[in-house]
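Novice: Prediction below, plus the sequence it came from.
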Amino acid sequence: AQSVTQLDSHVSVSEGTPVLLRCNYSSSYSPSLFWYVQHPNKGLQLLLKYTSAATLVKGINGFEAEFKKSETSFHLTKPSAHMSDAAEYFCVVSNDYKLSFGAGTTVTVRA
Amino acid sequence: DAGVIQSPRHEVTEMGQEVTLRCKPISGHNSLFWYRQTMMRGLELLIYFNNNVPIDDSGMPEDRFSAKMPNASFSTLKIQPSEPRDSAVYFCASSDDSAIQNTEAFFGQGTRLTVV
């Protein structure tokens, strides 16, 4: 069985300040982990993925995430938020073909 | 490639009517997924095809829902009869490996279905 818990349903930051989105996972096997972003009325876009090659993963738009097996975490960070980062973010774990989505974290960016 | 293409983008229908959602996966991808997104339940996998064969349909809500993949470049999700509780955004996604581990899924723009 596998599951994902996103610890914050909503995060609000000021433009130019760091963003931290927290994700904990549960998996019976060595998982693949992803972060997807969904802008309003849009589809889901892959930000980054962890596939055991490196624990620190860099993605698009300045985002990165660190895989910590001991903490079963895969938190997403960005050093400086931009207005265009306002969206919903999903942490996803996969084993075999099934993607298990977290409930999502809505990010708002204040000017 | 244009990505995963879904049609229509929006659909409004009356309760009891048949609804058909369409998906064209990315060329060369051999896995196709239908997801449903609602506020209450988030993103749920409805059905997974691999090489045009349904592998896992355990997420299909009930017999009113059916999905087909007649060839590698086309899939449909049909709801008959539709009910207001079917209102949701339906996403199609595809990937290029039957074992999705290490392979991300590419999502379409979704179909927003409203049943009145």
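Specialist: Ah, there it is. Numbering: from 1, shown residues only, chains lettered A, B, ... in the order given.
Novice: tell me how far stretch A:86-93 is from the chain's mean position?
Specialist: 5 Å (Cα atoms, centre = their mean, to the nearest Å).
Novice: quick one, what contacts the spatially most central residue of chain B?
Specialist: By Cα atoms, centre = their mean, chain B has its centre lying nearest to B:W34, at 2.9 Å. The contact partners of B:W34, taken as Cβ atoms under 8 Å, 6 or more residues apart in numbering or on different chains, are B:23, B:45-47, B:67, B:75, B:77, B:90-92. Glycine gets a C-beta too; all of them are placed from N, C-alpha and C.
Novice: Pick out the lowest-pLDDT one from those.
Specialist: In terms of pLDDT, B:L45 ranks lowest among the contacts of B:W34, with 92.
Novice: my guess is B:I79 meets B:E62, correct?
Specialist: No - the criterion here is Cβ atoms under 8 Å, and B:I79 misses it with B:E62 at 9.8 Å.
Novice: Neighbour count: those two, which is higher?
Specialist: B:I79 (22 against 7; other Cβ atoms under 10 Å in any protein chain shown).
Novice: For that one, what are phi and psi?
Specialist: phi -120, psi 120 (degrees, to the nearest 10).
Novice: pLDDT wise, what is it at?
Specialist: Taking B:I79 on its own, its pLDDT is 97.
Novice: which ones are touching the nearest residue to it once chain neighbours are set aside?
Specialist: Beyond its immediate neighbours in the sequence, the residue positioned closest to B:I79 (Cβ to Cβ, 6 or more residues apart in numbering or on different chains) is B:V19, lying 4.6 Å away. Contacts for B:V19 (Cβ under 8 Å, 6+ apart) come out as B:11, B:13, B:78-80, B:82, B:86, B:113, B:115.
Novice: Output the residues you listed in JSON lines; the columns should cover secondary structure.
Specialist: Below are those laid out as JSON lines (DSSP: H, G, I helix; E, B strand; the rest coil):
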{"residue": "B:E11", "secondary structure": "strand"}
{"residue": "B:T13", "secondary structure": "strand"}
{"residue": "B:K78", "secondary structure": "strand"}
{"residue": "B:I79", "secondary structure": "strand"}
{"residue": "B:Q80", "secondary structure": "coil"}
{"residue": "B:S82", "secondary structure": "coil"}
{"residue": "B:D86", "secondary structure": "helix"}
{"residue": "B:L113", "secondary structure": "strand"}
{"residue": "B:V115", "secondary structure": "strand"}
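Novice: Okay, the closest residue to A:A111 other than its chain neighbours and A:P79: tell me how far apart.
Specialist: Distances taken as Cβ to Cβ, 6+ apart place A:E15 nearest to A:A111, at 5.7 Å, with adjacent residues excluded. Counting by Cβ to Cβ, to the nearest Å, the gap from A:E15 to A:P79 is 12 Å.
Novice: neighbour count winner among these two?
Specialist: A:E15 (14 against 11).
Novice: so that one makes contact with A:T108?
Specialist: No - in this structure, A:E15 is not within contact of A:T108 by Cβ under 8 Å, at 10.7 Å.
Novice: how many neighbours does B:L32 have?
Specialist: As a burial measure, B:L32 scores 28 neighbours (other Cβ under 10 Å).
Novice: Could you find the closest non-adjacent residue to it?
Specialist: Spatially, and ignoring its direct neighbours in sequence, B:L32 is nearest to B:F49 (4.4 Å; Cβ to Cβ, 6+ apart).
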